[in-house]
Every structure is written in structure tokens, then in C-alpha cells.
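Novice: sequence plus the predicted model coming up.
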Amino acid sequence: MAEIAIEIGPVEVKARLDAGEVLRLIDVREPREFEVCQIPGARLIAMNSIPMHLQELDDDGPPLVVICHHGVRSLSVVSWLRRQGVENCQSMAGGTDLWSLLVDPTVPRY
């Protein structure tokens with residue numbers, strides 16, 4: 001099996017969702033950030049609580065796409081998840097900010 005790239009762009013995420021692919025969107029920002037804006041379908045699991053959710057993330061479910069504000073925290077989470085053996089995960093490059101610019105301008109920027 002080919003190794004999955006550690007990052008995926010927001011346009012590719014949107015295209016995969018539009019094609020009907022099931023992706024688990026995991027937003028690792030803080031709850032107050034999630035209240036400001038969110039990508040439809042994303043589930044909030046704040047970065048500091050990811051270890052408590054490892055068992056449910058490390059399953060045979062759909063691919064994980066980890067999201068934050070600019071893509072820094074999500075990349076850190078994906079790196080950590082991969083070290084724990086969770087291979088089916090990617091960080092969304094540019095986070096909610098780039099999603100708003102390239103995919104859905106109705107998602108507020110902050």
C-alpha cells in the first residue's frame with residue numbers, strides 16, 4: 001500500500017466529499033475557535049484531548065482529515081497520530097482559513 005501524503009489541500013478535500021467519499025473531518029482547534037467558524041461536517045476534538053480519543057480514531061473507519069486554523073496544529077496532530085500507528089490520516093493544509101479562501105467564502109475568517 002502506498003504511503004498517504006501527510007497533507008491534503010482544501011480543494012482536494014472538497015472534491016473528495018463532493019464525489020461522495022466518506023471522510024472524518026476532525027477539527028483540533030479550541031471550542032471558542034470552533035464557535036467562530038467551522039467546516040460543515042467537522043467534529044471538534046480539541047488538540048489537547050486527541051490522546052483521549054486515540055482508540056476511536058485508530059479504527060478501520062473512513063480516512064481522517066485533521067483541521068485547524070492554518071494547518072500547523074493539525075500537522076502536529078497527524079504526525080503524532082502516525083507515530084501511534086494511525087496511518088489513514090492527513091492534515092488539511094491551510095486549515096479553515098484556506099478553506100474559506102478557496103472553497104467556501106461563507107466560512108468566516110479570523
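Specialist: Yep, it's here. All figures in this text were calculated on a predicted structure; none of them were measured in a lab. Residues are numbered from 1 along each chain as shown.
Novice: quick one: residue 70 from residue 48, how far?
Specialist: Going from residue 70 to residue 48 by CB to CB, to the nearest Å gives 18 Å. C-beta here means a position set from N, CA and C on the backbone, and glycine is covered the same way.
Novice: so which of these two has more stuff around it?
Specialist: residue 70 (13 against 9; other CB atoms under 10 Å).
Novice: excluding chain neighbours, what is closest to the more buried one?
Specialist: Counting by CB to CB, 6 or more residues apart in numbering, residue 95 is the residue found nearest to residue 70 once chain neighbours are left out, at 4.6 Å.
Novice: got phi/psi on that neighbour?
Specialist: Here is the backbone geometry of residue 95 (degrees, to the nearest 10): phi 60, psi -160.
Novice: tell me the pLDDT of it.
Specialist: Note on residue 95: pLDDT of 98.
Novice: for the residue nearest the centre of the chain, list the residues it contacts.
Specialist: Closest to where the C-alpha atoms of the chain average out (CA atoms, centre = their mean) is residue 66, at 1.9 Å. By CB atoms under 8 Å, 6 or more residues apart in numbering, residue 66 lies in contact with 26, 28, 74, 77, 78, 81, 89, 90, 91, 92.
Novice: so it, which state does it fall into?
Specialist: Under DSSP: H, G, I helix; E, B strand; the rest coil, residue 66 falls in the strand class.
Novice: now do residue 26
Specialist: strand.
Novice: report pLDDT for it.
Specialist: Note for residue 26: predicted pLDDT of 98.
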